[in-house]
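J.: next one to model:
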Amino acid sequence: MIKNYLIIAWRNLWKSKTFSLINIVGLAVGIAGALIIIFHVKHELSYDRWLSNVDRVYRVTYESKGDDNRHWAATPPPLGPALQQEFPQIEQSVRFHRLYPFQLLSHTNPQGEVKRFEEKGGFFVNAGVISMFDLAFVSGNPASALDEANSIVLTEQTAEKYFGKTDPMGKIIQDDRSRLALKVTGVVKTSPSPSHLRFDYLVSMPTINSYLDKQSMENIDWSGFYTYVMLRKDASKQQLEAGLGTFATKFYAPMGESPKEILATRKLHLQPIKDIHLHSKLEKEMFPNSSITYVYIFSIAALFILLVATVNFINISTALAFNRMKEIGLRKAVGATKQQLIKQFLGESFLVTLLSAGLAVLLFKLSVPFYTNLASGGFIFSDIFTLPNLTTLLGLVVVIALFAGLYPAWFVARFNPVISLKGKKISGSTVNVIRKGLVVFQFTVSVFMIFGTITVYRQMQLFHNQDLGFDKDQVVAVTMYNQMWEKYGVLVDEMKKNPAISDFSVTSTLPGERFGNYEAHPLHETGNQNIPDHARMLWSDEKILTALGIQLKEGRPFYSQFPEIKKAEFILNEAAAKVYHLEKPLGTPFVADGDTGTVVGIVKDFNFASLHSSIEPMVISYNPYRATYLLVKVRGNQIPNTIKFLEKQVATLTPSAKFTYSFIDETLDKLYMSENRMSQVFSRFAVLIIFISCLGLFGLSSYSAKLRVKEVGVRKVLGASVSSVVYSLSKDFILLVLIAILVALPLAAWAMDRWLAGFAYRVTIGWEEFMLAGLSALLLALITISFQSVKTALMNPVKNLRTE
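T.: Residues are numbered from 1 along each chain as shown. Down below sits the predicted model:
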């Protein structure tokens, strides 16, 4: 019986080759697109969940409440040990600290060859990290690798970068900035499973005493460490949280605040480690995290793709079912039951779905590089053959086959055998209404995706083209190492001679990087609870405003005090002057990060951070010695030559330094990596959905035109023009597309408005998006329908009238 069903199914597929191809290709594209999204979503949801103790590990975060309300991912250095001492529920605590903004490490081999790299992926950490984060050692003793001072543990990739294929154990890596020798005590595997914790090397916590003094390590008002705790198996999060308030009153008591003030302004939280990647956007995150919002968006996109592909199958299958009325009538006449007919047509649905799945796997293989580049994923094609992923694929096939085949199977099983044997169509059947409704659904989804793609693209253009209040273009940022400062005066003289360089300055932080939040307030407002006592800070020299084109609103720029700073001077942005209520700010005594001086200028607000948020108060302090970067403003198209010039100067003046550089505009672009990826992925999947919808519309219009061949012949014999015939064949489908446009546009506008609400700077949805989305969908539908309509209209009417 099953063999007979398969033979008949194959014959019917072969008999209607065009429509079978449309079904198979449509489903294959849909399954391939859905697989990409499903595996991406699985990847995003798997962050840190592979840890053996994931349900017992929490990150401790700190919330400062009041006028300057902030929730910090980082916490004070002594918090971890204090928590473990106070709470018996805590099995162990781990602290991470990263030196801002980089370390310069080198290794000299026995032949005297030096390998030197700028490193930003290292942490100081205590030994508990090995068991808490399940680090797998390739070399070294996990029990003691991070116990002693001046010990460093490398990842396999980092070890190969410095030592090649030789054994790194016991060898020395030099920290060139601190001139400290670090001994390699271990090499760990880079976990193939995703984690919010990413590192290239780990330095033992005792080593930090060579970098930070005792006062810094005991500072309870500095959020400089990431603190993690692992609870005992018999303890609960609720038990620990219940005591955090009382603990905070003791921990922060040295600040001179009463328990009531501490509880009102400071709060500690426990954040499950598995929630960090998708649910955390705190101040001073270890790394930029993703968002659960995009997981929801991609999941809905996968569902839409599958539904649109399935709708194609349903529509074409029900349409083709009329061609098999005699077969069905004969089967019922000789005793076939409804259940047997349903099984037969479900079998055919499974056959088509299996063929589609096979083609989908091939398409998926071709699209894996696209997925890796766009979604920043780590998926490789061979992973699809693991048991969980094969189960996912099989489940997808079963669900699609059932969903796509049930209605057509039920529909044909209801045919009246007498009417079927006569080959008559079922007049007044609800199938036409359902088919039209499904076409409307397909194009509603298509218009929604077109509208969404346009809106996301416009928002990305705003990010990249918005006037930020300073000049980000043609600015090279060269990293300044300790040795380079010793020759800085000579370097300045050489830069002044270069006609390609229009200006230069130094800065502690680049626009687009995180600006630290430091104590900053007018001197006479010390202790005033009504104004903020912290602000974002930037340290620079007298040329910063001209180098970046920042507009001075009132006052003056800094005067040069190089090489000896005799008095502290500050320039505030408009936002800072406003929150400090400075009506006449010039000359105001001001305190910032321990320095007391005067305000000498006010600059117009400029976007030094992401356009996701509004402009925060900013204090610029004169102190070039705290700068990290040399900013070089380059004329015209002279950037390549200028970089070569700077590299040569650095190599000549400071041979032991590493020449590294970046561009401010590229640094700013990195702020929108998630949105850029979403824009690209969104647009690609919009194309897939539109392609599948048009494929289905092409199939239906072709079938409709085929049924009306004689009608077209009669019309042409009676004098109908080609255009009138095309209009007659197309109008019903165009009406359905117009209905879809009317349904989709309000829904799309509402959804995209909700998405845009997350940005401080956003585009306004206007009539242009509505027009462009609607006309695009209408034009695509017209092109799709017209192909077959025009072909039918141009056929010889005599030949049409002879067609059976």
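J.: who touches stretch 533-542?
T.: 68, 505-509, 515-521, 526, 544, 557-560, 562, 576, 592-593, 608-609, 616-624, 626-627 (C-beta atoms under 8 Å, 6 or more residues apart in numbering). All C-beta spots, glycine's among them, are computed from the backbone N, C-alpha and C.
J.: so which of those are in strands?
T.: The strands, defined by DSSP state E, take in 505-507, 517-521, 592, 618-622 from the contacts of stretch 533-542.
J.: now, which of the residues you listed sits nearest Trp485?
T.: Val506 (9.4 Å; C-beta to C-beta).
J.: can you name the element that comes right after the helix-or-strand element of the chain with minimal mean pLDDT?
T.: Each helix and strand of the chain was given a mean pLDDT (mean pLDDT, DSSP states H and E); the minimum falls on helix 417-422 at a mean of 51. For helix 417-422, the following helix or strand on the C-terminal side (DSSP states H and E) is helix 431-465.
J.: so for that next one, what gets flagged as buried?
T.: 431, 435-436, 438-456, 458-460, 463 (16 or more other C-beta atoms under 10 Å).
J.: confidence score at Phe124?
T.: What the model reports for Phe124 is a pLDDT of 96.
J.: quick revisit: got the ones in strands among the contacts of stretch 533-542 as JSON lines, with pLDDT columns?
T.: Shown next, in JSON lines, are the ones in strands among the contacts of stretch 533-542 (pLDDT from 0 to 100):
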{"residue": "Ser505", "pLDDT": "96"}
{"residue": "Val506", "pLDDT": "95"}
{"residue": "Thr507", "pLDDT": "95"}
{"residue": "Asn517", "pLDDT": "89"}
{"residue": "Tyr518", "pLDDT": "90"}
{"residue": "Glu519", "pLDDT": "89"}
{"residue": "Ala520", "pLDDT": "92"}
{"residue": "His521", "pLDDT": "91"}
{"residue": "Ala592", "pLDDT": "94"}
{"residue": "Met618", "pLDDT": "96"}
{"residue": "Val619", "pLDDT": "97"}
{"residue": "Ile620", "pLDDT": "97"}
{"residue": "Ser621", "pLDDT": "97"}
{"residue": "Tyr622", "pLDDT": "96"}
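J.: turn these into JSON lines, including neighbour count and distance to Leu363.
T.: What follows is these, written out as JSON lines (neighbours: other C-beta atoms under 10 Å; distance: C-beta to C-beta, whole Å):
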{"residue": "Ser505", "neighbour count": "21", "distance to Leu363": "52"}
{"residue": "Val506", "neighbour count": "26", "distance to Leu363": "52"}
{"residue": "Thr507", "neighbour count": "26", "distance to Leu363": "48"}
{"residue": "Asn517", "neighbour count": "20", "distance to Leu363": "48"}
{"residue": "Tyr518", "neighbour count": "16", "distance to Leu363": "53"}
{"residue": "Glu519", "neighbour count": "16", "distance to Leu363": "57"}
{"residue": "Ala520", "neighbour count": "24", "distance to Leu363": "56"}
{"residue": "His521", "neighbour count": "22", "distance to Leu363": "60"}
{"residue": "Ala592", "neighbour count": "23", "distance to Leu363": "58"}
{"residue": "Met618", "neighbour count": "22", "distance to Leu363": "50"}
{"residue": "Val619", "neighbour count": "26", "distance to Leu363": "55"}
{"residue": "Ile620", "neighbour count": "27", "distance to Leu363": "54"}
{"residue": "Ser621", "neighbour count": "22", "distance to Leu363": "57"}
{"residue": "Tyr622", "neighbour count": "25", "distance to Leu363": "60"}
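J.: ok, those vs Lys274, which is closest?
T.: Distances from Lys274 to the ones in strands among the contacts of stretch 533-542, taken by C-beta to C-beta, are shortest for Asn517, at 27.7 Å.
J.: give me the most central residue, the chain.
T.: Ser674 (2.8 Å; C-alpha atoms, centre = their mean).
J.: contacts for stretch 464-475, please.
T.: By C-beta under 8 Å, 6+ apart, the list of residues contacting stretch 464-475 from outside reads 511, 547-551, 604-608, 611, 631-635, 639, 663-665, 668-669, 672, 761.
J.: the longest helix in the chain is where?
T.: As assigned by DSSP state H, the longest helix anywhere in the chain is helix 338-375.
J.: for it, buried residues please.
T.: Here helix 338-375 shows 341-353, 355-357, 359-361, 363-364, 367-368, 371, 374-375 as buried, counting by 16+ other C-beta under 10 Å.
J.: just the mean pLDDT for it, thanks.
T.: 77.
J.: thinking again about what came up before, list the contacts for the residue nearest to the centre of the chain?
T.: 288, 290-291, 294.
J.: and it, what element?
T.: Under the assignment here (DSSP H and E), Ser674 is part of helix 673-707.
J.: now swap in Leu745 and tell me
T.: Counting by DSSP H and E, Leu745 is part of helix 722-756.
J.: by contact count, what packs against that helix?
T.: Helix 722-756 sits against helix 431-465, helix 673-707, helix 709-717, helix 767-793, with contacts defined as 3 or more C-beta pairs under 8 Å, 6 or more residues apart in numbering; DSSP states H and E.
J.: for those, give me a markdown table that also has distance to Gly597 and mean pLDDT.
T.: Below are the helices and strands packed on helix 722-756 laid out as a markdown table (distance: least, C-beta to C-beta, whole Å; pLDDT from 0 to 100):
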| stretch | distance to Gly597 | mean pLDDT |
| --- | --- | --- |
| helix 431-465 | 36 | 85 |
| helix 673-707 | 38 | 75 |
| helix 709-717 | 88 | 58 |
| helix 767-793 | 50 | 79 |
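J.: which of those helices sits closest to Leu756?
T.: Short answer: helix 431-465, nearest of the helices and strands packed on helix 722-756 by C-beta to C-beta, at 6.6 Å.
J.: the following helix or strand past the closest one pairs with which strands, and in what direction?
T.: Following helix 431-465 in sequence order, the next helix or strand is strand 475-479 (DSSP H and E). Next to strand 475-479 in the sheet, as set by DSSP bridges, lie strand 629-634 (antiparallel), strand 661-663 (antiparallel).
J.: buried ones in stretch 186-205?
T.: Quick answer for stretch 186-205 (16+ other C-beta under 10 Å): 186-188, 191, 194-197, 199-205.
J.: how much space between Leu545 and Ala609?
T.: If you measure Leu545 against Ala609 using C-beta to C-beta, to the nearest Å, the figure is 18 Å.
J.: Pro81 should be in a strand, yeah?
T.: No - per DSSP: H, G, I helix; E, B strand; the rest coil, Pro81 lies outside any strand segment and is helix.
J.: that one contacts Ile90, correct?
T.: No - Pro81 is beyond contact range of Ile90, at 10.4 Å (criterion: C-beta atoms under 8 Å).
J.: hang on, the earlier thing: give me the angle between the helix holding Leu745 and helix 673-707.
T.: 160 degrees (axes from the mean of the first three to the mean of the last three C-alpha atoms, to 10 degrees).
J.: could you look up the SS state of Ala28?
T.: helix.
J.: and it, what does it touch?
T.: Per C-beta under 8 Å, 6+ apart, neighbours of Ala28: 356-357, 359-360, 363.
J.: who touches Ile262 in this structure?
T.: 248-249, 252-253, 255.
J.: what about it, helix or strand, and which?
T.: With DSSP H and E as the test, Ile262 turns up in helix 259-265.
J.: what's the mean pLDDT across that helix?
T.: 88.
J.: check stretch 73-87 too.
T.: 95.
J.: re earlier: need the buried ones from the contacts of Ile262 selected in PyMOL.
T.: Per 16+ other C-beta under 10 Å, the buried members of those correspond to this PyMOL selection:
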select buried, resi 248+249+252
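J.: so Gly452 sits against Phe682, correct?
T.: Yes - the criterion here is C-beta under 8 Å, and Gly452 meets it with Phe682 at 6.3 Å.
J.: could you verify that Phe123 is part of a strand?
T.: Yes - the assignment for Phe123 (three-state DSSP) places it in a strand.
J.: quickly list what it is bridged to.
T.: Counting by DSSP bridges, Phe123 is bridged to Leu202.
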